[in-house]
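J.: Predicted model, plus sequence, below.
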Amino acid sequence: MGDKILAIIPARAGSKRLPGKNIKTLCGKPLVQWTIEAAQQTPQISEIIVSTDSENIADIAKQCGVAVPFLRPESISGDKATAIDVVSHTVEYLKNQGKSFDYIVWLQPTSPLRTKENIQQAIQLLKDKSAAGVISVCECDHSPMWSNTLQPDGNMKNFLSNFVKKNPRSQALPTYYRLNGAIYIANVEDLLKQETFFLEDKLFSYIMKREDSVDIDHHLDFKLAEILLSERQQAAKENIIGF
């Protein structure tokens, strides 16, 4: 595989569920800064671009030493803009600057507990598997086999499968994994052609711990991330003192 890897950090200003979340202070730093620093500490990444429509976010990125060569056009800054819209715009912009890359690493700022080690290991997995893409997942908190839709009248007929009824212990159920939104890696050519990170062939999962997989969408997610990051910072401080 080629080894030119572009990290794109998408950080638009708007957020309906948690307004201003990308610049909201989390354990002493704007939320977006946690992802910027993890990307900067990943030596396999050739270049980092923060794609944003916000002057404030652009200023934070620049203060962290990351390039923000453009402000994202309004046409791809709304709720309906897709990741592929943003990737296509960034790749085309850089192509016009004479730059090309073999792989895109898509790092959403809403995953502040994702570590540099996570990114490095995901890229190493990509190489080891000679993969076209890698997507991070984590184990589900609860088996989806305990879930179902409800009938309009609320009756629960057929809510659980016969398998679950006969195997009520969670340990008897298969392990399920979910997307955690932390890391998406794809070959640039395949990504633009198929217009999805879920490539048809040679796509592999990178399994992350649940405690590294908090994806901030609501206020409750933010509080959980704050607690876990505070514990991580305290543990690091105690290790330094102990040393």
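T.: Now that the structure is in, tell me what you want to look at. Numbering: from 1, shown residues only.
J.: buried residues in the helix or strand harbouring Glu117?
T.: If you go by DSSP states H and E, Glu117 is part of helix 116-128. In terms of neighbour count (16 or more other CB atoms under 10 Å), helix 116-128 has its buried residues at Asn118, Ile119, Gln120, Gln121, Ala122, Ile123, Leu125, Leu126. Bear in mind the C-beta positions are built from the backbone N, C-alpha and C, glycine included.
J.: How about stretch 38-45?
T.: Applying a neighbour-count criterion of 16+ other CB under 10 Å, one finds Ala38, Ala39, Thr42, Gln44, Ile45 buried in stretch 38-45.
J.: The host helix or strand of the first one vs helix 116-128, what angle?
T.: In this case it means Ala38. Assigned by DSSP H and E, Ala38 falls within helix 31-40. Calculated by axes from the mean of the first three to the mean of the last three CA atoms, to 10 degrees, helix 31-40 forms an angle of 50 degrees with helix 116-128.
J.: what about this structure, any weak spots by pLDDT?
T.: Within the chain, the set of residues satisfying pLDDT under 70 comprises 1-2, 240-243.
J.: Look at the residue nearest to the spatial centre of it and tell me its secondary structure.
T.: By CA atoms, centre = their mean, the chain has its centre lying nearest to Ala182, at 2.3 Å. Of the three states, Ala182 takes strand under DSSP: H, G, I helix; E, B strand; the rest coil.
J.: before we move on, back to that, put together a markdown table for the buried residues of helix 116-128, with distance to Pro144 on each row.
T.: As requested, the buried residues of helix 116-128 are exported to a markdown table (distance: CB to CB, whole Å):
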| residue | distance to Pro144 |
| --- | --- |
| Asn118 | 24 |
| Ile119 | 27 |
| Gln120 | 30 |
| Gln121 | 26 |
| Ala122 | 24 |
| Ile123 | 29 |
| Leu125 | 25 |
| Leu126 | 27 |
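J.: of those residues, closest to Ser77?
T.: Ile119 (25.4 Å; CB to CB).
J.: And that closest one, how close does it get to Asn56?
T.: Ile119 sits 25 Å away from Asn56, going by CB to CB, to the nearest Å.
J.: could you pull out the strands for the protein?
T.: Assigned by DSSP state E, the strands in the chain fall at 5-10, 25-26, 29-30, 47-51, 103-106, 133-139, 177-187, 203-208.
J.: before we move on, back to that, if I read this right, the residue nearest to the centre of the chain contacts Pro112, doesn't it?
T.: No. At 9.6 Å, Ala182 does not count as touching Pro112 under the criterion of CB atoms under 8 Å.
J.: who are the neighbours in contact with Phe163?
T.: Residues in contact with Phe163 (CB atoms under 8 Å, 6 or more residues apart in numbering) are Met145.
J.: Kindly report the same for Ala67.
T.: Taking CB under 8 Å, 6+ apart, we find Ala67 in contact with Glu47, Ile48, Ile49, Val50, Ala61.
J.: which residues touch the fourth one?
T.: Val50 makes contact with Ile9, Ala11, Val32, Ile36, Ile57, Ala58, Ala61, Val66, Ala67, Val68 under the criterion CB under 8 Å, 6+ apart.
J.: Spatially, what comes nearest to it if we skip its sequence neighbours?
T.: Ala61 (4.0 Å; CB to CB, 6 or more residues apart in numbering).
J.: That neighbour: how many residues sit nearby?
T.: 24 (other CB atoms under 10 Å).
J.: picking up where we left off before, packing partners of the helix holding Glu117?
T.: If contacts are counted by 3 or more CB pairs under 8 Å, 6 or more residues apart in numbering; DSSP states H and E, helix 116-128 sits against helix 31-40, strand 103-106, strand 133-139, strand 177-187, strand 203-208.
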